[in-house]
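In: predicted model follows, preceded by the sequence.
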Amino acid sequence: MVPPMERASWDHRFWIKVSKTDSCWEWIAYKCKLGYGRFWLNGGPKLAHVVSFEMHHGPLLENEEVRHTCDNRSCVNPGHLIRGSRRDNMVDMAKRGRTPTGRLTRESATMIIEAQSAGAGPTEAALAAGCKFQQAWDIFRGRTWKWLRKELEHHTMSTSCR
Ligand SMILES: [Zn+2]
């Protein structure tokens, strides 16, 4: 994270991209395909809510992620952001993302492909997407959703969320 002394130079640039309401503080600038705000900092794109979290609560430790208590991915209100492990985050997502029919949506398939490229195993990925292990495994092995993987790889440079 950036030393506090240097913050003034980009602090303003950050907050003009935020629309504060009584509850959530919406990121109104560029968002990645998963809906997280993106902010260019130190020569690279950062997750806006993580930047906000670290500004207010201090740097994340290794293997920690920032979680939204408000379920709003574009929110950067530090009061709605808490520290969690990557696994916590995936369990959260699984609780919210499970579909009653059990069919894989494009969103879940995307989540699985992204989990795999972030180094997660198929069990974790299935948990994140709220699907069956076998569905995640088929994607991992390239048996299904091949076209989507190609499409995502094509866009990775500009829109990756990690
Ligand atoms: Zn919020």
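Out: That came through, no problem. Residues are numbered from 1 along each chain as shown.

In: can you give me the strands in this protein?
Out: Assigned by DSSP state E, the strands in the chain fall at 18-20, 25-27, 38-41, 44-47, 64-68, 81-85.

In: okay, now the nearest residue to residue 111 once chain neighbours are set aside: neighbour count?
Out: Distance criterion Cβ to Cβ, 6 or more residues apart in numbering; nearest residue to residue 111, sequence neighbours excluded, is residue 129 at 4.4 Å. C-beta here means a position set from N, CA and C on the backbone, and glycine is covered the same way. Look at residue 129: counted by other Cβ atoms under 10 Å, it has 28 neighbours.

In: outline the domain layout of the protein.
Out: Domains of the chain are assigned by automatic domain parsing as 1-89, 98-162.

In: still on that earlier bit, mean pLDDT added to the strands of the chain, as CSV?
Out: Putting the strands of the chain into CSV (pLDDT from 0 to 100) gives the following:
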stretch, mean pLDDT
strand 18-20, 96
strand 25-27, 96
strand 38-41, 88
strand 44-47, 85
strand 64-68, 89
strand 81-85, 88
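
In: out of the ones you listed, which is the most enclosed?
Out: Most buried of these by mean neighbour count (mean count of other Cβ atoms under 10 Å) is strand 25-27; its value is a mean of 22.
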